[in-house]
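Colleague: the following block contains a protein sequence and its predicted model.
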Amino acid sequence: MKAESLEDLIRSAGNPIDYLRNSQAGVFTFPVVPAEFTSWRNEQRGWRETVALADQSYHMGNLSVKGPDAFRLLNSLGVNSFGKFAPGKAKQFVVCNYEGYFIGDVVLFFTGECELLLVGRAPAMNWVQYHGTTGGYDVQFERRDRSPLQSGGATIVRDYYRYQIQGPNAPQLFERLNGGPVPEIKFFCFGKINIGAYRADALRHSMSGVPGLEIWGPYAEGREVLATIIEAGKKVGLRLIGARAYATAGVEAGWIPAPVPAVYTGERMKPYREWLPAQGYESNNSVGGSFASQNIEDYYVTPYELGYGHFIKFDHDFIGSAALQSLAKQPHRKKVTFVWNAEDVATIIVSGFVPGSEPFKFLDFPIPNYAASMYDRIMMGDKVVGFSMFATYTYNERAVISIGIVDPEIQNGDVLNLVWGEENGGTRKPTVEPHRQKGVRVKVASAPFAGDARENRADAWLLRHS
């Protein structure tokens, strides 16, 4: 019998983590945008040294929520406070299951009275849409998922173009585009900016430490808007960011993109699993890494562990609030950066050039990850003290770094051991070749790792706009 829902898949697979660790879906890749415009090394330098533009039009989904109950629906699901939320503002919207474990996060835009827009990955949008359609709310949804990797020759059309512009020279570029000083837009609020002859919406935020803008408008205008930006950017060192470099920016900025969504267990979650399709994100997510537990709940994380504790406000009732109130009184694992030992990285690479011996797991550059959700064991002696959850090589730091979580007693500067590669020669994922595991020394550092992002992003807007 063909599986129609996530619950059907779990029932037939027996153990959901075995299914996900052997998923044939591969890694999360970015559609439409070229892999590189110049080289990913020089493109990484753009957001640190000059100014960088990333085309976000294709890889994120959009879910519009309209109607008299739109605000009430989102307020009942998000851990965030909605007390001061109003049209013209945005926030990083975080949702949990009934036990307080993380399902997903998106950027939520308050676009108008009784109208909000979610932009990002599918898990949070699915959770919102499920409750909106089954919970008796007076809302309407309009949804466009991310663009397909293979269009089959069809023309790709989106509702909006969406460009992220960041870097120390970004203010100069905006002034050139606007034809004069840009009106002040407060952090995580949005307003308007001129792009030559066009008028664009603009969200103020930062990925590089210097306040940048994410601009968007009707997709039909996107090509001419981009050409206008490129022309204006010639005098300020604008660099276009391809898919390979773009995927690395979040690690420098301290964002964990794809923890396993906590939807695969629990009787209260069963109706949701029966609603989720067998072809959806949760059914085709791939899990990789050296951490191998038979209990999928060992892969669940809380918002506290992801660094979202300051978002959680108990001034409203939301799904998971009682559980999170209880968890708030307990010690939490914390988000950190792991800086990989260069000699150990070199040993992994060299092993691929030794005929007749099985190499260590291939380390791809700039993104070594080989599953959508990575869980590599972080060891202190024989004890697992955390996970490495997304790795990248950054030319800006001349290092492989990864973002993840560790036990609360671990301190910055501690040297731990990351186990690279999977057990027993590897799982059946198509991205995994026969290999050996290798221990990699890693030094614990702050997250965000980049100094400008750590000093200007984490304290400047994350705390002020939770």
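Modeller: Arrived safely.

Colleague: all strands for the stretch 251-400 of the chain, in order.
Modeller: In the stretch 251-400 of the chain, the strands defined using DSSP state E, counting those that start in this stretch lie at 287-288, 334-340, 373-374, 376-380, 383-394, 399-406.

Colleague: my bad, the stretch 51-200 of the chain
Modeller: Taking DSSP E, counting those that start in this stretch as the criterion, the stretch 51-200 of the chain carries its strands at 51-55, 61-66, 90-96, 102-112, 115-120, 140-144, 160-166, 190-195, 198-205.

Colleague: among the ones you listed, which comes closest to residue 7?
Modeller: The closest of the strands of the stretch 51-200 of the chain to residue 7 is strand 102-112. By Cβ to Cβ, the value is 16.1 Å. For every residue, glycine as well, the C-beta is placed using N, CA and C.

Colleague: who are the packing partners of that closest one?
Modeller: strand 90-96, strand 115-120, helix 122-134 (3 or more Cβ pairs under 8 Å, 6 or more residues apart in numbering; DSSP states H and E).

Colleague: which phi and psi does the closest residue to residue 292 other than its chain neighbours have?
Modeller: Nearest non-adjacent residue to residue 292, counting by Cβ to Cβ, 6 or more residues apart in numbering: residue 423, 5.2 Å away. Main-chain dihedrals, residue 423, degrees, to the nearest 10: phi -70, psi 150.

Colleague: could you number the chain from 201 rather than 1 from now on?
Modeller: Sure thing, new numbering starts at 201, so read that last one as residue 623.

Colleague: I'd like the distance between residue 623 and residue 240.
Modeller: Going from residue 623 to residue 240 by Cβ to Cβ, to the nearest Å gives 31 Å.

Colleague: more neighbours: the two, which one.
Modeller: Neighbour count, other Cβ atoms under 10 Å: between residue 623 and residue 240, residue 240 has more, with 23 against 12.

Colleague: contacting residues for the more buried one?
Modeller: With contact taken as Cβ atoms under 8 Å, 6 or more residues apart in numbering, residue 240 is in contact with 442, 444-445, 448, 566, 595.

Colleague: separation between it and residue 234?
Modeller: 11 Å.

Colleague: got it, and residue 321?
Modeller: 22 Å.

Colleague: related to what we said a few turns ago, mean neighbour count added to the strands of the stretch 451-600 of the chain, as TSV?
Modeller: As requested, the strands of the stretch 451-600 of the chain are exported to TSV (neighbours: other Cβ atoms under 10 Å):
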stretch	mean neighbour count
strand 487-488	26
strand 534-540	24
strand 573-574	26
strand 576-580	22
strand 583-594	23
strand 599-606	24
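
Colleague: out of these, which gets nearest to residue 335?
Modeller: strand 573-574 (27.8 Å).

Colleague: domain-wise, how is this structure divided?
Modeller: Using automatic domain parsing, the domain parsing of the chain gives 240-259+350-441, 534-662.

Colleague: possible to save those as JSON lines with mean pLDDT?
Modeller: Below are these laid out as JSON lines (pLDDT from 0 to 100):
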{"stretch": "domain 240-259+350-441", "mean pLDDT": "92"}
{"stretch": "domain 534-662", "mean pLDDT": "91"}
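
Colleague: just to revisit the earlier point, between the contacts of residue 240, which is closest to residue 542?
Modeller: Closest to residue 542, out of all of these and judged by Cβ to Cβ, is residue 595, at 13.7 Å.

Colleague: how about that closest one, phi and psi?
Modeller: Torsion angles, degrees, to the nearest 10, at residue 595: phi -70, psi -30.

Colleague: the residue nearest to residue 492 and residue 568: what is the separation?
Modeller: For residue 623, the distance to residue 568 - Cβ to Cβ - is 18 Å.

Colleague: and for residue 373?
Modeller: 32 Å.

Colleague: chain center to stretch 494-513: distance?
Modeller: 14 Å (Cα atoms, centre = their mean, to the nearest Å).

Colleague: now do the buried residues in that stretch.
Modeller: 496, 499-509, 511-512 (16 or more other Cβ atoms under 10 Å).

Colleague: same question for stretch 322-332.
Modeller: 322-329, 331-332.

Colleague: and it, what's its mean pLDDT?
Modeller: Here stretch 322-332 scores 98 as its mean pLDDT.

Colleague: list the contacts of that stretch.
Modeller: Taking Cβ under 8 Å, 6+ apart as the rule, stretch 322-332 contacts 261, 263, 265, 273-274, 276-277, 293-295, 303-306, 318, 337, 339, 341, 343, 345-346, 461, 463, 472, 475-476, 480-482.

Colleague: distance between that stretch and the chain's centre?
Modeller: The answer for stretch 322-332 is 17 Å, by Cα atoms, centre = their mean.

Colleague: go on, stretch 630-637?
Modeller: With Cα atoms, centre = their mean, you get 25 Å for stretch 630-637.

Colleague: identify the residues contacting the residue nearest the centre of the chain.
Modeller: The centre of the chain sits closest to residue 457, judged by Cα atoms, centre = their mean, with a distance of 2.6 Å. Residue 457 is in contact with 228, 321, 450, 590, counting by Cβ under 8 Å, 6+ apart.

Colleague: try it again with 7 Å
Modeller: 450, 590 (Cβ atoms under 7 Å, 6 or more residues apart in numbering).

Colleague: can you report phi and psi for it?
Modeller: phi -80, psi -30.

Colleague: check residue 387 too.
Modeller: Dihedral angles (degrees, to the nearest 10) for residue 387: phi -60, psi 130.

Colleague: looking at the domains of the chain, which is closest to residue 215?
Modeller: domain 534-662 (13.2 Å).

Colleague: ok, back up a step: in ChimeraX, how would I select the buried members of the contacts of stretch 322-332?
Modeller: With 16+ other Cβ under 10 Å as the criterion, this ChimeraX line picks the buried residues out of the contacts of stretch 322-332:
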select :261,263,265,273,274,276,277,293,294,295,303,304,305,306,318,337,339,341,346,461,463,472,475,476,480,481,482
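
Colleague: of the strands of the stretch 451-600 of the chain, which is nearest residue 631?
Modeller: strand 487-488 (7.5 Å).

Colleague: quick one on the thing from earlier: including distance to residue 601, could the buried residues of stretch 322-332 go into JSON lines?
Modeller: JSON lines is the format used below for these (distance: Cβ to Cβ, whole Å):
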{"residue": "322", "distance to residue 601": "27"}
{"residue": "323", "distance to residue 601": "25"}
{"residue": "324", "distance to residue 601": "26"}
{"residue": "325", "distance to residue 601": "29"}
{"residue": "326", "distance to residue 601": "31"}
{"residue": "327", "distance to residue 601": "30"}
{"residue": "328", "distance to residue 601": "32"}
{"residue": "329", "distance to residue 601": "35"}
{"residue": "331", "distance to residue 601": "37"}
{"residue": "332", "distance to residue 601": "38"}
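
Colleague: phi, psi of the residue of the chain most remote from its centre?
Modeller: Most distant residue from the mean C-alpha position of the chain: residue 556, 38.9 Å away (Cα atoms, centre = their mean). Note on residue 556: backbone dihedrals following degrees, to the nearest 10 are phi 80, psi 0.

Colleague: how near is it to residue 365?
Modeller: In terms of Cβ to Cβ, residue 556 sits 50 Å off from residue 365.

Colleague: residue 383 now?
Modeller: In terms of Cβ to Cβ, residue 383 sits 16 Å off from residue 365.
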